[in-house]
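[1] just need the structure, nothing else, for what follows:
(chains A, B, C and D)
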2 protein chains.
Amino acid sequence: MTDVTGTEARPRARKGEGDLLRQEILDGAEQLLVEKGDADAVSMRAIAKAVGVTPPSLYLHFADKDELLFHVCTRRYEEFDAVLGAASSGAANAADALLRMGRAYVAHGLANPVAYLVLFGVKSDVVPEGIAEEDLPGMQAFFRLVGVIEQGVTAGDFAADDPVAAAIGVWATMHGLVMMLLRGAGDHVPIPEDIVESVGRQALHGLLAR
Amino acid sequence: MTDVTGTEARPRARKGEGDLLRQEILDGAEQLLVEKGDADAVSMRAIAKAVGVTPPSLYLHFADKDELLFHVCTRRYEEFDAVLGAASSGAANAADALLRMGRAYVAHGLANPVAYLVLFGVKSDVVPEGIAEEDLPGMQAFFRLVGVIEQGVTAGDFAADDPVAAAIGVWATMHGLVMMLLRGAGDHVPIPEDIVESVGRQALHGLLAR
DNA sequence: TGTACATCAGTGAACGCGCGTTCACTGATGTAC
DNA sequence: TGTACATCAGTGAACGCGCGTTCACTGATGTAC
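    Numbering: from 1, shown residues only, chains lettered A, B, ... in the order given. This next block holds a predicted model:
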């Protein structure tokens, strides 16, 4: 794991290996985001220190702070897509896949609490130039969900006029649930122990053919 | 509406009327939050300027910036509660009430986009001293929803083992939906026109007695 | 009715700080001859 | 094999800025006698 105390010096990269620092910068920035829990609280100076480098070095790899944070987000979204893919891989049918994906999504969000809040709440929605639409953060994961719902419809298990609309509903439910659980609503509302399972089944029930 | 250009001077309050400025500060802070869309981008100096007063005056009314923003949030949450109350007042039954509340909640969120994002994403979850638990932002609105679901269960329309769990699921869905619609997912995903109705009915269907 | 005085709502200037970014530079690495 | 040189990954110092907050103060308002 990247050194975040920032006291030790970092050996200079060899000549063709400038990209090494780029990855270390993204690692350090992400870890700081997780620690601080707020994109505005993470400064370029802090990122540089965490990586063991001086602030101007960051500008050798990213045009500005926004672009740097955008790439951190992209990596995390891809991770969410991977989690959903792994969760659904062993499912018996679409309903089963959906439940598994829901559990995995919420569990992953809760296991990376601050990262989740930060990455899904980050304000820099300015997309840097040269980023294709289909590569945008979160799109792959979302269309994976649409695909599962389409399978369920084809198999006659789900009744959904529009799989995209249904996917938006399901995703909204899971995203909203993670947000509520993370934002400490639990300090003031009695959160049932099996809330994830309960809400997941409720969402699934909303999709089932009637 | 409060003057936000901040060029005009504000007449000093008469002796017993110090609370007038307090309200004006909250108004100005909220409007700035809406304009900026980010709690960190709103400074005490900017709030003071918007109200037509010098920065130190704010400290006559609020201990610090966190406390000021907390009170802004509280007012907005109360507004959401009022919107839900008005929406459900003419409903024929619990299912109807739920649909109406869902529509109103999402519509209100979408009609106040930046305010919604800011207030539900604001980081200052430190609760100032002297705030009772049941007065916490959002609690009234949430328990209003629980009440409607309990009515539906009593009437035999809804099947919900735990109304609180069911309410969390419904709220999560609506909150998540507003977040997705506001965060510009629509630029990259084809959002169906009737998405609110569609997701609302899907959520309701998940609650219905089977 | 007149005046001395306490109270209260503000002011104006300053504090120390960390920020994003730029600029001229250095010195190790690799290459051409 | 040795050396001059171009390239590249960084450095160190500085820029101007806006921030939250504190401090000693002012001057209008209301009150006691």
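
[2] the longest helix in chain A is where?
    helix A:65-88 (DSSP state H).

[3] between the two ends of stretch A:27-46, how far is it?
    13 Å (Cα to Cα, to the nearest Å).

[4] what about it, distance to the chain center?
    Taking the mean of its C-alpha atoms, stretch A:27-46 sits 16 Å from the chain's own mean (Cα atoms, centre = their mean, to the nearest Å).

[5] ok so, going back, what's the longest helix of chain A packed up against?
    Applying 3 or more Cβ pairs under 8 Å, 6 or more residues apart in numbering or on different chains; DSSP states H and E, one finds that helix A:65-88 contacts helix A:18-36, helix A:44-51, helix A:94-111, helix A:113-121, helix A:139-154. For the C-beta atoms, the positions are set from N, CA and C on the backbone; glycine is no exception.

[6] of all the ones you listed, which one comes closest to chain B?
    Relative to chain B, the nearest member of these by Cβ to the nearest Cβ is helix A:113-121, separated by 5.1 Å.

[7] just to revisit the earlier point, tell me if the longest helix of chain A is near DNA strand C.
    Yes - contact of helix A:65-88 with DNA strand C (Cβ under 7 Å from any atom of the strand) involves A:Lys65.

[8] could you list the residues in contact with that helix?
    For helix A:65-88, contacts defined as Cβ atoms under 8 Å, 6 or more residues apart in numbering or on different chains pick out A:25-26, A:29-30, A:33, A:39, A:42, A:44, A:47, A:58, A:61-62, A:97, A:100-101, A:103-105, A:108, A:115, A:119, A:122, A:124, A:126-128, A:131, A:135, A:137-138, A:140-141, A:144-145, A:148.

[9] quick check: buried residues in it?
    A:65-74, A:76-77, A:80-81, A:83-84, A:87-88 (16 or more other Cβ atoms under 10 Å in any protein chain shown).

[10] try stretch A:138-157
    For stretch A:138-157, burial by neighbour count (16+ other Cβ under 10 Å) applies to A:138-142, A:144-146, A:148-153, A:157.

[11] closest to DNA strand C out of those?
    Nearest to DNA strand C among the buried residues of stretch A:138-157: A:Gly138, at 24.3 Å, using Cβ to the nearest atom of the strand.

[12] lowest average pLDDT across the helices and strands packed on helix A:65-88?
    Ranked by mean pLDDT, these end with helix A:113-121 at the bottom, a mean of 72.

[13] per-residue pLDDT, the one residue sitting closest to the centre of chain A?
    The centre of chain A sits closest to A:Tyr77, judged by Cα atoms, centre = their mean, with a distance of 3.8 Å. Predicted confidence (pLDDT) at A:Tyr77: the value is 84.

[14] now do it against DNA strand C, distance only.
    Distance of A:Tyr77 to DNA strand C, given as Cβ to the nearest atom of the strand, to the nearest Å: 22 Å.

[15] quick check: that residue vs DNA strand D, distance?
    26 Å.

[16] and stretch A:88-98, how far out from the chain's middle?
    Counting by Cα atoms, centre = their mean, stretch A:88-98 comes out at 21 Å from the chain centroid.

[17] next: stretch A:162-179.
    Centre-to-centre, stretch A:162-179 and its host chain are 15 Å apart (Cα atoms, centre = their mean).

[18] who are the contact partners of the closest residue to DNA strand C within chain A?
    Nearest to DNA strand C in chain A, going by Cβ to the nearest atom of the strand, is A:Ser43, at a distance of 3.0 Å. Applying Cβ under 8 Å, 6+ apart to A:Ser43 gives no contacts.

[19] let's see 10 Å
    Residues in contact with A:Ser43 (Cβ atoms under 10 Å, 6 or more residues apart in numbering or on different chains) are A:32, A:36, A:49, A:55, A:65.

[20] wait, the third one touches A:Ile25, no?
    Okay, so that is A:Lys49. No - with contacts counted by Cβ atoms under 10 Å, A:Lys49 stays clear of A:Ile25, the gap being 11.6 Å.

[21] neighbour count for these two, which is higher?
    Higher neighbour count among A:Lys49 and A:Ile25: A:Ile25, with 25 against 19, using other Cβ atoms under 10 Å in any protein chain shown.

[22] the more buried one contacts A:Ala46, doesn't it?
    No - contact between A:Ile25 and A:Ala46 fails when scored by Cβ under 10 Å: they sit 11.7 Å apart.

[23] and the pLDDT for the residue of chain A closest to DNA strand C?
    96.

[24] for the nearest residue to A:Ala91 once chain neighbours are set aside, the count of nearby residues, please.
    Excluding its sequence neighbours, the residue lying closest to A:Ala91 (Cβ to Cβ, 6 or more residues apart in numbering or on different chains) is A:Ala97, at 3.6 Å. A:Ala97: 23 surrounding residues under other Cβ under 10 Å.
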